[in-house]
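Colleague: can't give you the sequence, but here's the structure:
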């Protein structure tokens with residue numbers, strides 16, 4: 001018999017096209033706004049940006065781990081990008097709030113799922129969260145196909161249209177939520193679970209929303225070290241200073257020259273960024289001359 005400790009958290013695999021939304025905004029600096037954003041957020045295609053990770057050398061997927069791949073045509077400016085990855089939210093209209101024919105004490109919400117609805121491609125809402133217009137939220141604990149049925153009211157619940165759970169074709173789903181029953185100390189105080197015709201937001205609970213700040217810069221720690229500590233060669237004949245990275249590849253080049261007075265007196269030493277790289281300044285070729 002094992003006496004170890006058991007975990008209960010399992011990494012969730014998602015379908016980015018159905019389960020995730022990505023928003024982003026951009027600021028040139030922390031205190032200024034970009035004219036294309038003005039502090040607002042734009043959307044990204046989650047299906048293109050979230051790629052599930054694989055085990056090296058195989059096609060085995062790593063559960064719950066996704067690489068974020070950002071499009072270069074949108075993330076190409078120096079400044080600050082804020083990335084917000086959140087469960088996808090669906091705005092849905094409640095078809096009905098009623099009970100089951102055989103179990104009038106089981107109260108639930110009826111939604112319509114199908115190709116022509118906001119919930120297209122989703123066949124089970126178990127575990128999803130409902131956010132009502134009054135600010136309250138509930139979790140869906142069961143979701144089953146159902147069909148409406150008219151009954152004679154005789155048990156105290158006023159609605160004559162109730163629902164039977166069915167196994168056949170139906171676009172209507174009866175969802176029970178928690179909490180939906182009255183507490184024992186207030187038997188007449190039922191929790192709010194919506195009204196027919198109310199528009200609610202439904203989102204999955206597969207992952208916690210993440211906000212990531214990305215700073216795009218001209219230099220990182222490595223490139224700064226190249227300029228401070230990297231090898232340099234000064235071509236006195238052509239007036240070129242070349243800086244190399246750790247692989248002895250050309251990283252930066254400058255033209256350097258001296259400005260003199262009319263009498264030939266040196267006044268200024270100038271070092272200027274060179275736009276056209278002179279590849280004849282190869283580190284190995286010069287060192288091995």
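Modeller: Perfect, thanks for sending it. Here the structure is a predicted model, which is why all the values come from computation and not from measurement.

Colleague: neighbouring contacts of the lowest-mean-pLDDT helix or strand in the chain?
Modeller: Taking mean pLDDT, DSSP states H and E as the measure, the helix or strand of the chain with the lowest value is helix 221-229, at a mean of 86. Applying C-beta atoms under 8 Å, 6 or more residues apart in numbering, the contact partners of helix 221-229 are 219, 243, 244, 245, 246, 251, 252. C-beta here means a position set from N, CA and C on the backbone, and glycine is covered the same way.

Colleague: any weak-confidence spans in this structure?
Modeller: Within the chain, the stretches with pLDDT under 70 are 1-4, 115-116, 153-159, 182, 184-188.

Colleague: quick check: domain ranges of it?
Modeller: 16-88+210-216, 95-197, 221-287 (automatic domain parsing).

Colleague: which of those domains is buried the deepest?
Modeller: domain 95-197 (a mean of 15; mean count of other C-beta atoms under 10 Å).

Colleague: just the terminal-to-terminal distance for that one.
Modeller: End-to-end distance of domain 95-197 (C-alpha to C-alpha, to the nearest Å): 6 Å.

Colleague: which residue packs closest to residue 101, ignoring adjacent ones?
Modeller: residue 162 (4.6 Å; C-beta to C-beta, 6 or more residues apart in numbering).

Colleague: and residue 151, by the same measure?
Modeller: The shortest distance from residue 151 to any non-neighbouring residue, by C-beta to C-beta, 6+ apart, is to residue 162 (5.5 Å).

Colleague: tell me the centre residue of the protein?
Modeller: Centroid check for the chain by C-alpha atoms, centre = their mean gives residue 85 as the closest residue, at 2.1 Å.

Colleague: and that one, which of the three is it?
Modeller: strand (DSSP: H, G, I helix; E, B strand; the rest coil).

Colleague: many thanks, I have nothing further to ask.
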